[in-house]
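# return a 3D structure for these sequence lines:
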Amino acid sequence: MNEITSYAQQFQTMVVLYLPRLLMAAVALVVGWWLISWVTRLLARGTKRFDVSLSTFLTSLASIVLKVLLLVSVAGMVGFETTSFVAILGAAGLAVGLALQGTLANFAGGVLILIFKPYIVGDTIESQGKSGEVREIQIFNTILVTLQGDTIILPNGATSNNVIVNKTAQNKALVEVLADVDNSTSLEDLRNWAIPLMLNDEQVLKDPAPQVVVTALKPGGMAVAFRAYTLAGQNAPAQARLIEQLQRAFAQQGVNGPVPVSYIRNLPG
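Residues are numbered from 1 along each chain as shown. Take a look at the predicted model:
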């Protein structure tokens, strides 16, 4: 009987000692969980202007971190020793960070690209020796598609830390057709018919105006560049058309290629 009374007194003492803590911990857990949900929704609305993948990732990461901190805090309120939990979480975070340092660099690069926008989806860029149209900017990688139909995956970390050539940022692209002509060709006559021919193409811009320039002198001839600007993304079909039109115009205008030149060297004796 005395033993039962002793157990009852111990139980009563424990209830008196721990019940307030349990109630406070329960209230803190419920209120904290609600606050985390509210903060998560607020963060989701605030990151809508970012990429969908980045918004989802940031929201999930914030939710997980806040919930872990809440559970550790509630455990400390009940009376559990939380020092060991914090040490374990710190060691785990360090190990994960070291293992994923390359991935984290790509994530940071993706965030920088999405914030500062050196390029956007639809731009044609060149980076790390690769070029193509940007089809997707993911959290860790940028997806390019080339004219040949190849898919190129660029890591965002290396891309954000290297030179990026954005070929469509100015919304115009240079079309250049090179040809070798005879030295006797009149540049003035060449410009008189070639520039109107290029301007007649519907995809060629009037400003900047097309040009016909000599780029090099060669034996028996000269290298001439026919240059015009088009809107970004229209340069490839425009160049193909201009090559055909200039080739037909060369025949109609009687423009000849370089005259072969032979060098005769007098040998002694």
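# count of residues packed around L190?
Using other Cβ atoms under 10 Å, L190 has 20 neighbouring residues. C-betas here are computed from N, CA, C, even on glycine.
# and it, how close does it get to L199?
Distance, L190 to L199, by Cβ to Cβ, to the nearest Å: 15 Å.
# same check, this time on V65
60 Å.
# likewise L144?
Taking Cβ to Cβ, one finds L144 at 33 Å from L199.
# over to G221?
26 Å.
# higher neighbour count, the two?
More crowded of G221 and L199, by other Cβ under 10 Å: G221, with 21 against 14.
# so who does the more buried one touch?
By Cβ atoms under 8 Å, 6 or more residues apart in numbering, the residues touching G221 are 180-183, 257-259.
# which stretch of helix or strand covers the residue nearest to it when sequence neighbours are not counted?
Once flanking residues are discounted, G221 sits nearest to P258: 2.6 Å by Cβ to Cβ, 6 or more residues apart in numbering. Per DSSP states H and E, P258 falls between elements, in no helix or strand.
# measure P258 to T142 for me?
Distance, P258 to T142, by Cβ to Cβ: 44 Å.
# more neighbours, these two?
Using other Cβ under 10 Å as the criterion, P258 and T142 rank with T142 on top: 27 against 16.
# separation between the more buried one and V165?
14 Å.
# hmm, Q234 is touching Q203, no?
Yes - in this structure, Q234 is within contact of Q203 by Cβ atoms under 8 Å, at 4.7 Å.
# measure P237 to N171 for me?
Taking Cβ to Cβ, one finds P237 at 17 Å from N171.
# more neighbours, these two?
When P237 and N171 are compared for neighbours, P237 comes out ahead with 13 against 9, by other Cβ under 10 Å.
# show me where this structure has helices.
2-46, 52-78, 83-99, 101-116, 156-160, 187-199, 235-253 (DSSP state H).
# would you list these in CSV and tack on distance to V214 and mean pLDDT?
Shown next, in CSV, are these (distance: least, Cβ to Cβ, whole Å; pLDDT from 0 to 100):
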stretch, distance to V214, mean pLDDT
helix 2-46, 57, 73
helix 52-78, 50, 75
helix 83-99, 59, 63
helix 101-116, 41, 81
helix 156-160, 38, 90
helix 187-199, 7, 93
helix 235-253, 16, 90
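# mean neighbour count, the ones you listed: which tops it?
When you average the neighbours per residue for each of the helices of the chain (mean count of other Cβ atoms under 10 Å), helix 156-160 leads with a mean of 21.
# which other residues reach that helix?
For helix 156-160, the surrounding residues in contact (Cβ under 8 Å, 6+ apart) are 102, 105-110, 112-113, 118, 127-128, 137-142.
# now stretch 138-155
With Cβ under 8 Å, 6+ apart, stretch 138-155 has contacts from 51, 53-54, 57, 103, 106-107, 109-110, 113, 125, 127-128, 130-137, 156, 159, 236.
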